[in-house]
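**Student:** Using only what follows, build the 3D model:
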Amino acid sequence: MNAVDILRTELLSELAIGIRSMEGLLKKVQAEDWEYKPSDNMRSLKELAQHIISIPEVDLHLWLEKDQETIEKLEAKYNNMESADVMIEGMNKGFKDYKDYMLSLSEEDFLTKKTKPFYLEKAEIQAHWLVEEVSHLFHHRGQFFNYMKQLGYDVNMLDLYV
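**Tutor:** This next block holds a predicted model:
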């Protein structure tokens, strides 16, 4: 295995931890807590969950340069997922597709192929998008964890590294 493959595998492994830990957190949420919103200018717990579970598939389609309408349809699909079980299934499918795409790239494409989402001016290489993916998912997982803490759930660091 060369350095590029090692780095790509490590980043995908870290992303898998984020996915698995979100699965565990989602399973803990009680039905009455989905509408919790820490502040009027923030998402509800359910809205945040729906955003998080959409990240792998939506971001993959952004990196593949799909148009805004396609992205909005994908987001709407996830916004209609109501139960934790359905959310987990959708998130895992999106992650599988994301991982398959990243692993399908040749070393050259991973390091040099540039793409850009419809809303950005500057294209980035696929390695950049994988780093972006990890930081995006973990940022929102941290928010979700904090919401759960505010709701009094018994969650701790061990829930995050599974």
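**Student:** So which bits of stretch 87-104 are buried?
**Tutor:** Buried residues in stretch 87-104, counted by 16 or more other Cβ atoms under 10 Å: 87-88, 90-92, 94-95, 98-99, 101-102. Backbone N, C-alpha and C define where each C-beta goes, glycine included.
**Student:** now what about it, what contacts it?
**Tutor:** For stretch 87-104, contacts defined as Cβ atoms under 8 Å, 6 or more residues apart in numbering pick out 8, 12, 15-16, 19, 22-23, 26-27, 49-50, 52-60, 63-64, 77-78, 81, 110, 126, 130, 133.
**Student:** so what pLDDT did residue 36 get?
**Tutor:** We have a pLDDT of 98 for residue 36.
**Student:** Just to be sure, it is in a helix?
**Tutor:** No: counting by DSSP: H, G, I helix; E, B strand; the rest coil, residue 36 is not part of a helix but coil.
**Student:** what residue lies at the spatial centre of this protein?
**Tutor:** In the chain, the residue lying closest to the centroid (Cα atoms, centre = their mean) is residue 55, at 3.4 Å.
**Student:** so which strand or helix has that one?
**Tutor:** Secondary structure assigned from DSSP states H and E places residue 55 in helix 45-63.
**Student:** what about stretch 149-162, start to end distance?
**Tutor:** 18 Å (Cα to Cα, to the nearest Å).
**Student:** Can you list the buried residues in it?
**Tutor:** Buried-residue list, stretch 149-162, by 16+ other Cβ under 10 Å: 151, 153, 155, 159-160.
**Student:** Same question for stretch 24-32.
**Tutor:** For stretch 24-32, the neighbour count (16+ other Cβ under 10 Å) marks 25-26, 29 as buried.
**Student:** starting at the chain centroid, how far to that stretch?
**Tutor:** 17 Å (Cα atoms, centre = their mean, to the nearest Å).
**Student:** just stretch 82-89 next, same as before
**Tutor:** Put simply, stretch 82-89 sits 14 Å off its chain's centre (Cα atoms, centre = their mean).
**Student:** Name the surrounding residues that touch whichever strand or helix holds residue 128.
**Tutor:** Assessed by DSSP H and E, residue 128 sits inside helix 126-150. With Cβ under 8 Å, 6+ apart as the test, helix 126-150 has contacts from 7-8, 11-12, 14-15, 18-19, 21-22, 25, 28-29, 36, 38, 45, 48-49, 51-52, 55-56, 59, 63, 98, 102, 105, 109-111, 113, 115, 124, 155, 159-160.
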